[in-house]
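[1] Mind folding the following:
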Amino acid sequence: MPQTIDPHSNQILGVSTLAFTVCFAVWSIFSIIGIGIKQQLGLDDTEFGLLVGTPILSGSLIRLVLGIWTDRIGGRILFTLVMLAGAAATFLLSFAHTYPMLLVAALGVGIAGGSFAVGIAYVSRWYPKEKQGTALGIFGMGNVGAAVTKLLAPMVMIAFGWTMVAQVWAAALAVMAIVFWFTTSDDPVMRARQAGAAKPLSLAEQLAPLADARVWRFSLYYFFVFGGFVALALWLPHFYVGAYHLNIATAGLLGAAYSIPGSLFRVYGGVLADKVGARRVMYWSFGAAIACTFALSYPATDYIVHGIHGDLQFSFDLGVVPFTMIAFVLGFFMAIGKAAVYRHIPIYYPDHVGPVGGAVGMIGGLGGFVMPIAFGLMNDLTGLWTSCFMLLFLVAVVNLVWMHGAILRSERTTTTTDRRFLPELQPQGAVLTEWAPESESFWTRTGRRIATRNLWISIPALLLAFAVWMVWSVVVVNLPAIGFKFSPDELFWLAALPGLSGAILRGFYAFMVPIFGGRTWTTFSTASLLVPAIGIGLAVQHPETPYNVFLILALLCGLGGGNFASSMANISFFYPKAGKGQALALNAGLGNLGVSAVQFLVPVVITLGLFGGFGGMPQTAAVAGTTKQIWLQNAGFVWVPLILVATVAAWFGMNDIASAKASFADQAVIFKRKHTWILCWLYTGTFGSFIGYSAGFPLLTKVLFPGVNPVAYAFLGPLVGAASRSLTGWMADRWGGARVTIWVYVTMIAAVAGVLFFIGIKDQPDAFWGFLGMFLLLFAASGVGNASTFQMMPAIFSTLLQRQAAGRGAEATEAAQRDAAKEGAAVLGFTSAVAAIGAFFIPKSFGSSITATGGPGAALIGFVVFYLICLVMTWWFYTRRSAEVRLDGAAKVEGLGLPATAPADGIAP
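    The predicted model follows:
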């Protein structure tokens, strides 16, 4: 039976969290005033590390004792006494002016840090076990006190000196102690003891769990997630001043950018630990921390590569903006890890939260003492500012290896009694073990809601993927203006290569969803977009960046192109046949808006100092005889926060479908289907045109009409194409996908002829507007064709498999439906992979045609021939009377031996 929550528990939690925030602000005071003291006394880095770490040492060592005392005399009185003692010590600190005196005073300041052991024991008693993770996460949010100090202390110190900071912080802590005493009450356990209903445990009983090795394993986890957090919170202002030569106020602000997520997201970690299990959260925390600390540990380096045509020189230097972004991510995962560690304690040791929590907090706090000293020592020994992250990387790896080994051993040896305490590894509801969208009752009851949620998370993730895929279409136009000496053919290569790599990756991505699961793969593929986004932001800031680096980044942008195949395959599993067309049209059409978004947004954001001084210095662009300042790096950086949000949303909001699991061998049967290859050809004519013209149109416009600013119009084409795809799916449903596709190719042939006409008169005054109008017609027709060809795919494959199952019973029919869903999803992905070659072929064809003939006419004539072939194939295979699979409107599919009332996919309702 769930434990009743005391009506005053939320008030107790709020006041306790505020009190811990003030305590933590005092405990981390040396992160700011220590810099002033270092300059005043001329300390070296090792002495500075010892000074800032001393309060952490005393605050950590005292935690075990305070945890035991809390169990015996109660948290309310002890928390108040700790705050008053910390306030007195902090006030006396302002009268210390020699290094030994400061060290002694710092020991007293550390008393404020011991408040954590008191608080977690006090707060946990107000909540039932199923709510303790969230409650302790909220309490732990008081770590944000470190950010409060970084934001406010520099201003006080600059104005009045470091001694005033100590006096003001001491006064704030004393006032908080008084407020805490008068707004809280004794916890339920203490009230029960006062009423004689319970007796305190003896000291031996309190200390008994400390003999358990598990306690010390939890302590090592906390040594990293909390000790590492405190160490960096203290060290980062000094790091920013030394490594990036920033002033103390700016360094404090950037240090807060690490401390804030490292504190505020702790409450989210508590919620996650309650919901999905503390163990799983720890895996996320250590895994992400290893990746982040590895990136941060890499020092600024100059490279010389001995190439065929001479040496290639380039540099790697993590600027302030990417460094701060990665530090933010590190702080987030440390925050959820802190909450997850303490979620273990009330699960395994419900009657010993005070001493066990104190012991874990003590070791974690010692990390905050030892590591700043180690950071300073490593700086002095290696001369590398990034050496601190090398140490953190090593500690994170040791933790992950030990944790994983311990979990494997426990799963083999844990008794049935203990097993109930083991947190779940799999988030509840992440894998859908029951999924029957064709069942009307299931769809109405739960299916539609879940499918809609997955669709509306998939759409923005896919939009960002298209944005990253097509970002070069805008970036290459601006490279010559800021000093990059690349030829037109080299620029066309940069615009074309993302299409090539995206097409190749789609061939793999098309089969990944049934292997790994839609949620898992969407999360991974979305997160991978960070690599090219950050890489572009770094590379364009340096005109000496070699062309080869840009080629690599262009290829990496293909990661965004690959996402379409897996995204469409994933969404197809969630919807019944009657709803697939519209769902896929929305996913693809609104996702395609990423192309328009990048061509509309990037020209705006590169004119703004969007990230201030943190985004890097602007470049001077020479355009039409005038100069202006632009921030071309924003073309990459602007997507980074959006990608992070989309990644988190995909992991926590989407689902895997158990019945959709299939190996590559299971899906590879599509390669034996003749219609797979026919549809690849047809979809290349529609989607290949859309994405190819999107990539090539801005640069083609710049070459043909030098007086026109192409970025002012480039977004219109993709916008029209994406909108027409989203809004015209009903046409294929009503008149048949094949019929609509034929008219699409007729329109595209006419539009290309119009483009050729206006290119021929391009020197006349209004020729550009005709040129633009014909291209917009091409985009609109390709969007309609994208929807109509996708409408054909599930209809064809469902029909073929149902035909094979005809007359073999209900079980064979059900199996055919499942196989059709898997094959249809694979075909959707694979055809999109082949079609994506248009993103490479069309821009490269323009470039080659211009190089060979002086104009793009030869390429456009080749496109007309291709569209004619597509038109004939569509008629021959899908609309003529004796076609193998005749798609003749939405009401009937002829030649299949199916009822006349069958819907367009050829399957009777």
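
[2] CA atoms for contacts and neighbours, from now on please.
    Will do.

[3] In terms of helices and strands, where is Lys628?
    Under the criterion of DSSP states H and E, Lys628 resides in strand 626-630.

[4] Tell me how many other residues crowd Lys580.
    18 (other Cα atoms under 10 Å).

[5] so what's the closest residue to it other than its chain neighbours scoring on pLDDT?
    Nearest residue to Lys580 in three dimensions, chain neighbours excluded: Ser572, at 6.1 Å (Cα to Cα, 6 or more residues apart in numbering). At Ser572, the predicted lDDT confidence score is 79.

[6] Contacts made by the strand holding Lys628 with the rest, please.
    For strand 626-630, the surrounding residues in contact (Cα atoms under 8 Å, 6 or more residues apart in numbering) are 606-608, 618-622.

[7] Which two of those residues have the greatest separation?
    Leu608 and Ala622 (16.5 Å; Cα to Cα).

[8] From the centroid of this structure, which residue is nearest?
    Leu644 (2.8 Å; Cα atoms, centre = their mean).

[9] Distance of that one relative to Met325?
    According to Cα to Cα, to the nearest Å, Leu644 stands 10 Å off from Met325.

[10] ditto for Met176
    34 Å.

[11] didn't Ile138 look like it was pressed against Gly269?
    No. Between Ile138 and Gly269 there is no contact under Cα atoms under 8 Å: 9.2 Å.

[12] So which of the two has more stuff around it?
    Set Ile138 next to Gly269 and count neighbours by other Cα under 10 Å: Gly269 wins out with 32 against 24.

[13] Distance from the chain centre to the lengthiest helix in the chain, please.
    Using DSSP state H, we find that the single longest helix of the chain is helix 767-805. Centroid separation for helix 767-805 versus its chain: 32 Å, with Cα atoms, centre = their mean, to the nearest Å.

[14] If you count contacts, what does that helix end up packed against?
    helix 577-605, helix 674-704, helix 716-727, helix 729-735, helix 737-760, helix 810-835 (3 or more Cα pairs under 8 Å, 6 or more residues apart in numbering; DSSP states H and E).

[15] returning to what we had before: angle of the strand holding Lys628 against helix 577-605?
    Per axes from the mean of the first three to the mean of the last three Cα atoms, to 10 degrees, the angle that strand 626-630 makes with helix 577-605 is 120 degrees.

[16] So for strand 626-630, mean pLDDT?
    80.

[17] ok, which stretches of the chain are strands?
    301-307, 310-316, 431-432, 619-623, 626-630, 656-657, 886-888, 892-894 (DSSP state E).

[18] So which bits of the fifth one are buried?
    Which is strand 626-630. 629-630 (16 or more other Cα atoms under 10 Å).

[19] Just give me how far it sits from the chain centre.
    The answer for strand 626-630 is 33 Å, by Cα atoms, centre = their mean.

[20] Who does that strand pair with, and is each partner parallel or antiparallel?
    strand 619-623 (antiparallel) (DSSP bridges).

[21] Can you tell me what sits against the strand it pairs with?
    478, 481-483, 541, 627-632.

[22] Export the helices and strands packed on helix 767-805 to a markdown table and append columns for distance to Phe369 and mean pLDDT.
    Formatted as a markdown table, the helices and strands packed on helix 767-805 follow (distance: least, Cα to Cα, whole Å; pLDDT from 0 to 100):
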| stretch | distance to Phe369 | mean pLDDT |
| --- | --- | --- |
| helix 577-605 | 43 | 77 |
| helix 674-704 | 54 | 81 |
| helix 716-727 | 55 | 78 |
| helix 729-735 | 63 | 71 |
| helix 737-760 | 68 | 90 |
| helix 810-835 | 53 | 68 |
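
[23] Export those as JSON lines, with columns for distance to Tyr244.
    Output for the helices and strands packed on helix 767-805, formatted as JSON lines (distance: least, Cα to Cα, whole Å):
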{"stretch": "helix 577-605", "distance to Tyr244": "25"}
{"stretch": "helix 674-704", "distance to Tyr244": "38"}
{"stretch": "helix 716-727", "distance to Tyr244": "41"}
{"stretch": "helix 729-735", "distance to Tyr244": "54"}
{"stretch": "helix 737-760", "distance to Tyr244": "52"}
{"stretch": "helix 810-835", "distance to Tyr244": "44"}
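
[24] Tell me which of these lies nearest to Ala554.
    For those, proximity to Ala554 was assessed by Cα to Cα; helix 674-704 is nearest, at 12.1 Å.

[25] Buried residues, the closest one. List them.
    Buried residues in helix 674-704 (16+ other Cα under 10 Å): 675-677, 679-701, 703.

[26] how far off helix 737-760 does it point, in degrees?
    Going by the same axes, to 10 degrees, helix 674-704 makes 20 degrees with helix 737-760.

[27] in the stretch 751-900 of the chain, what spans have low per-residue confidence?
    Applying pLDDT under 70 to the stretch 751-900 of the chain flags residues 794, 799, 807, 813, 816-826, 828-829, 832-833, 836-837, 839, 887-900.

[28] If we use 50, what do you get?
    In the predicted model, the stretch 751-900 of the chain carries pLDDT under 50 at residues 890-900.

[29] next one: stretch 175-185 to chain centre, how far?
    The answer for stretch 175-185 is 41 Å, by Cα atoms, centre = their mean.

[30] Could you list the buried residues of it?
    For stretch 175-185, by 16+ other Cα under 10 Å, it's 176-177, 180, 184-185.

[31] wait, which of those residues is closest to Gly754?
    Nearest member of these to Gly754, counting by Cα to Cα, is Met176, at 76.1 Å.

[32] From Gly59, how far out is Ala117?
    With Cα to Cα as the criterion, Ala117 and Gly59 are 10 Å apart.

[33] what are the ranges of the helices in the stretch 51-200 of the chain?
    With DSSP state H, counting those that start in this stretch as the criterion, the stretch 51-200 of the chain has helices at 75-93, 99-109, 115-124, 129-140, 145-160, 162-183, 188-194.

[34] got it, and the stretch 351-500 of the chain?
    353-382, 387-413, 416-419, 440-442, 448-470, 472-478, 488-509.

[35] Just the C-alphas of the last one, formatted as PDB.
    Coordinates of the C-alpha atoms in helix 488-509 are reproduced here as PDB (Å, rounded to 0.1, in the frame of the first residue of the first chain):
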ATOM      1  CA  PRO A 488      33.200  27.200 -59.300                       C
ATOM      2  CA  ASP A 489      33.700  23.500 -60.000                       C
ATOM      3  CA  GLU A 490      35.100  23.000 -56.500                       C
ATOM      4  CA  LEU A 491      32.100  24.800 -55.000                       C
ATOM      5  CA  PHE A 492      29.700  22.700 -57.000                       C
ATOM      6  CA  TRP A 493      31.500  19.600 -55.600                       C
ATOM      7  CA  LEU A 494      30.800  20.900 -52.100                       C
ATOM      8  CA  ALA A 495      27.200  21.400 -52.900                       C
ATOM      9  CA  ALA A 496      26.900  18.000 -54.500                       C
ATOM     10  CA  LEU A 497      28.800  15.700 -52.100                       C
ATOM     11  CA  PRO A 498      26.200  15.800 -49.300                       C
ATOM     12  CA  GLY A 499      23.800  14.300 -51.800                       C
ATOM     13  CA  LEU A 500      26.200  11.600 -52.700                       C
ATOM     14  CA  SER A 501      27.000  10.500 -49.100                       C
ATOM     15  CA  GLY A 502      23.300  11.000 -48.100                       C
ATOM     16  CA  ALA A 503      22.200   8.700 -50.900                       C
ATOM     17  CA  ILE A 504      24.800   6.000 -49.900                       C
ATOM     18  CA  LEU A 505      23.800   6.300 -46.200                       C
ATOM     19  CA  ARG A 506      20.100   6.000 -47.000                       C
ATOM     20  CA  GLY A 507      20.900   2.500 -48.500                       C
ATOM     21  CA  PHE A 508      22.000   1.500 -45.000                       C
ATOM     22  CA  TYR A 509      19.600   3.600 -43.000                       C
END
